[in-house]
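Participant: Any chance you could fold what I've pasted below:
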Amino acid sequence: MLQLATLRNNTELVKERLAVKNFKEINLVDDIIALDDERRKLTFGYDETKAKINAASKEIGQFMSMGQKEEAASRKKDVESYKNALNPIQENLEAVEKQLNDLLIRLPNLPSDLVPKGKTPEDNEIVRTGGTKPELYKGAVPHWDLAKKYDLIDFELGNKVTGSGFPFYKGKGAKLQRALIQYFLEFNTQAGYTEYMPPLMVNEASAYGTGQLPDKEGQMYHVTVDNLYLIPTAEVPVTNIYRDVILKEADLPVKLTAYTPCFRREAGSYGKDVRGLNRLHQFDKVEVVQLVHPDKSYETLEEMVAHVEKLIQTLGLHYRILRLCGGDMSFTSALTYDFEVYSAAQEKWLEVSSVSNFEAYQTNRMKIRYKDANGKSQLVHSLNGSSLALPRILAALLENNQDENGIKLPVALQGYFGGEMI
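Facilitator: Take a look at the predicted model:
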């Protein structure tokens with residue numbers, strides 16, 4: 001959530017940056033400022049009336065101690081009058097504050113100056129590419145055929161037991177999933193991230209804190225009886241560890257990593273582009289999250305991008321890094337880099353990671369702060385990234401490393417998997 005001071009002090013700049021995100025309701029900025037003006041007037045009236053009540057109450061005590069009962073009785077009537085006036089002020093103030101918050105949460109985060117203008121994925125900027133584009137042997141097939149040939153993943157069984165987008169991994173397929181998860185977690189912990197194993201469901205406050213609500217409720221599975229949400233990413237529970245916490249400046253940066261299954265409804269997803277592992281409703285992902293000093297967040301973003309890039313390089317995959325344009329960014333992000341790996345059998349790029357800086361957008365909602373050198377509370381900045389999402393990584397590994405004899409695994413995975421080949 002954007003801070004009111006930002007909207008008031010940089011109104012035209014805010015509108016310009018929102019336009020980069022192709023946000024249509026620019027007039028909300030003026031509406032919010034007008035409501036804040038009203039809130040300030042009501043707050044002044046409330047505080048002024050409270051001060052009158054306190055002053056009159058003090059005088060009543062003084063009159064009573066001096067035996068001046070008539071004067072005390074007169075001031076009691078004044079207090080009653082002030083209290084009667086205070087109630088509607090308080091009701092109006094609460095109503096305006098709710099309206100103000102309802103409008104504030106409709107504003108997306110402001111994009112960084114580094115964000116390119118554009119509306120569609122075609123407008124994203126390619127920052128760099130790496131690795132070597134694989135050349136497959138003549139009999140190469142896509143990963144869904146490999147999964148069937150080597151009995152790694154059963155998509156039909158998942159459809160029977162749950163539904164489309166919920167595959168069963170089995171045998172060496174399950175073992176490879178486990179190897180990837182363990183490798184990714186150890187890669188992250190060796191870089192200084194603390195590992196967590198968080199809950200897979202969160203309450204409404206947690207989903208609101210990271211910006212999933214009210215923006216993405218249609219993508220989340222909702223346990224209505226208990227009003228809990230299945231997590232779409234470990235970012236949600238992990239970042240909320242520090243909700244309403246005031247950190248010491250010396251504690252920054254806070255570096256967290258977690259493996260979780262992730263659940264996304266992905267309503268309307270069908271067709272050839274979502275075949276096999278390309279898009280699932282339940283999938284495994286290892287996440288990295290950082291809470292940092294505001295002056296360090298963009299430096300940290302580049303460090304996190306380099307961290308994910310190195311991880312992909314160890315898997316020997318052909319990849320590219322994209323800087324997302326305004327129209328392709330998430331609601332909460334200020335700057336996002338996407339990683340895509342090349343799927344040789346499908347001849348297409350597959351997204352496997354997003355690394356984002358949210359600046360103070362999430363932490364303002366969650367009230368995650370630190371004490372600066374002057375003892376004043378300031379909002380930290382939050383960042384997160386996939387390190388990595390498994391399904392499309394697995395698809396690319398199977399496809400790109402196949403030959404007549406099977407699938408040769410990258411050296412980095414062989415120790416975790418317990419073998420070189422499938």
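Participant: Need phi/psi at the spatially closest residue to P391 that is not a sequence neighbour.
Facilitator: Closest residue to P391 apart from its sequence neighbours, by Cβ to Cβ, 6 or more residues apart in numbering: L277 at 4.0 Å. (C-beta placed from N, C-alpha, C; glycine too.) The phi/psi pair for L277 (degrees, to the nearest 10) reads phi -90, psi 0.
Participant: Low-confidence regions, the stretch 251-400 of the chain specifically.
Facilitator: Scanning the stretch 251-400 of the chain with the threshold set as pLDDT under 70 gives 267-273.
Participant: Quick one: the helices in it, in order.
Facilitator: Using DSSP state H, counting those that start in this stretch, the helices found in the stretch 251-400 of the chain span residues 297-314, 361-366, 390-400.
Participant: Select, out of the ones you listed, the one closest to R17.
Facilitator: helix 361-366 (12.3 Å; Cβ to Cβ).
Participant: would you put the C-alpha positions of the closest one in CSV?
Facilitator: What follows is helix 361-366, C-alpha atoms only, in CSV (Å, rounded to 0.1, in the frame of the first residue of the first chain):
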residue,chain,number,x,y,z
TYR,A,361,4.4,-1.4,-0.5
GLN,A,362,4.1,-4.7,1.4
THR,A,363,5.8,-3.6,4.5
ASN,A,364,3.4,-0.6,4.8
ARG,A,365,0.5,-3.1,4.9
MET,A,366,2.3,-5.4,7.3
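Participant: So which elements touch that helix?
Facilitator: Other helices and strands packing on helix 361-366, by 3 or more Cβ pairs under 8 Å, 6 or more residues apart in numbering; DSSP states H and E, are helix 204-209, strand 381-389.
Participant: Deepest-packed of the helices of the stretch 251-400 of the chain, please.
Facilitator: Mean neighbours per residue, mean count of other Cβ atoms under 10 Å, is largest over those for helix 390-400, with a mean of 26.
Participant: what's next to it, contact-wise?
Facilitator: With Cβ atoms under 8 Å, 6 or more residues apart in numbering as the test, helix 390-400 has contacts from 134, 136, 140, 142-143, 146-147, 152, 176-177, 180-181, 276-278, 280, 283-286, 315, 317-318, 341-346, 350-352, 407, 409-410.
Participant: So what's the model's average confidence on stretch 143-154?
Facilitator: Stretch 143-154 shows an average pLDDT of 97 in the prediction.
Participant: Ignore what I typed, I meant stretch 8-21.
Facilitator: For stretch 8-21, mean pLDDT rounds to 97.
Participant: now do stretch 128-136
Facilitator: Stretch 128-136 carries an average pLDDT of 96.
Participant: List the buried residues in it.
Facilitator: Across stretch 128-136, burial judged by 16 or more other Cβ atoms under 10 Å covers G131, P134.
Participant: Can you get me the start-to-end distance on it?
Facilitator: Across stretch 128-136, the terminal residues are separated by 23 Å (Cα to Cα, to the nearest Å).
Participant: quick one, what contacts G327?
Facilitator: So G327 contacts K21, N22, G118, K119, T120, D123 (Cβ under 8 Å, 6+ apart).
Participant: How about V380?
Facilitator: Applying Cβ under 8 Å, 6+ apart, the residues near V380 are L247, L252, L291, V292, H293, P294, A360, T363, I368, R369, Y370.
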